[in-house]
Structure formats: C-alpha cells, structure tokens
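> can't give you the sequence, but here's the structure:
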C-alpha cells in the first residue's frame, strides 16, 4: 500500500528507553515510528534521568491492547496464582519475577500482583523480554 520499503529496526532494552530515545532523536520527517509498550510513558516516573523528554514523542494511535501472561518453568510446583500465593506464604521469602526491564509492563504487573496477593516479590530486570524468557526456560 505504501509503494516503498519499510525497515523494521528492533531496539530492545532498558524498558523501551533505547528504542524510544532513537525515535525521539530521529528527524521529524514522518518516516520514523515507535511501536512501544507502556515503558514509553512510565519510564519517566521511575527514572530521574532520561535521554529524551516526554514531549519529544507524540502519540499517533493505539495499535493494540494486550493481556499480561504469567508463566513459570515447566517443572514448577506452581500451576495457578493461588499456588503461587500459597508457596510464597510457606517459604517466607520473595518470589523471583523476571521482567523485560525496570518500568516494563511485567515490572508493574509483578509489583501490583505482589501487593494484591500480599506476596513478597523480587523483580529481576533483564534487558529485554526475550532475555527474561530465556532465563526462565533455563531455570
């Protein structure tokens, strides 16, 4: 439909800051777009220094809404949120929660879930979602 090439340049990391910064500093010619999660908005709330200003990015449209899915290693004893809550209560130690980085959707989900279920969590921020998934699968 565009009659021209489209280049997708994935820049994961730092809860979306790396890609957001690249787009914020790109020429304002209408040819560079950012497709990002909530980190593009929430990072400023969590970090005192950012390489770009919120005003450097302008919302264009909502592409999708998605649910958060919580997964565990296949050999885990936990098969539900109730199991997770009970396990955390028995062990009296925080549950490790891998995320795609500080300020990512997973980070917020972990913290909100921990508060709602009164379960201590320790968020383990990885550079990207793929890295956190790889770590989980690797045990």
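Sure, I can see it. Just so it is clear, the model here is predicted, and its values are computed rather than measured.

> buried stuff in the helix or strand of the chain with the lowest mean pLDDT?
In the chain, the helix or strand scored least confidently by mean pLDDT, DSSP states H and E is helix 39-46, which has a mean of 79. Of the residues in helix 39-46, 39, 40, 42, 43, 44 count as buried by neighbour count, 16 or more other C-beta atoms under 10 Å. Every C-beta, even on glycine, is put in place using the N, C-alpha and C of the backbone.

> ok, now stretch 118-130?
Buried-residue list, stretch 118-130, by 16+ other C-beta under 10 Å: 119, 121, 123, 125, 126, 128, 129.

> centre of the chain versus the helix ranked longest in the chain, how much separation?
Looking across the chain with DSSP state H, the single longest helix is helix 105-117. Relative to the chain's own centre, helix 105-117 is displaced by 12 Å; criterion: C-alpha atoms, centre = their mean, to the nearest Å.

> who does the following helix or strand past that helix pair with, and is each partner parallel or antiparallel?
Next in sequence after helix 105-117, counting helices and strands by DSSP states H and E, comes strand 121-125. Under the criterion DSSP bridges, strand 121-125 sits next to strand 95-99 (parallel) in its sheet.

> what sits against residue 125?
Contacts for residue 125 (C-beta atoms under 8 Å, 6 or more residues apart in numbering) come out as 15, 99, 100, 101, 102, 104, 107.

> my error: substitute residue 83 in the last question.
Applying C-beta under 8 Å, 6+ apart to residue 83 gives the contacts residue 77.

> ok, now how distant is the residue nearest the centre of the chain from residue 132?
Centroid-nearest residue in the chain: residue 104, 2.8 Å away (criterion: C-alpha atoms, centre = their mean). Using C-beta to C-beta, to the nearest Å, residue 104 is found at 9 Å from residue 132.

> residue 83 versus the closest residue to residue 103 other than its chain neighbours, what's the distance?
Nearest residue to residue 103, sequence neighbours excluded (C-beta to C-beta, 6 or more residues apart in numbering): residue 15, at 3.9 Å. Noted for residue 15: a distance of 28 Å to residue 83, by C-beta to C-beta.
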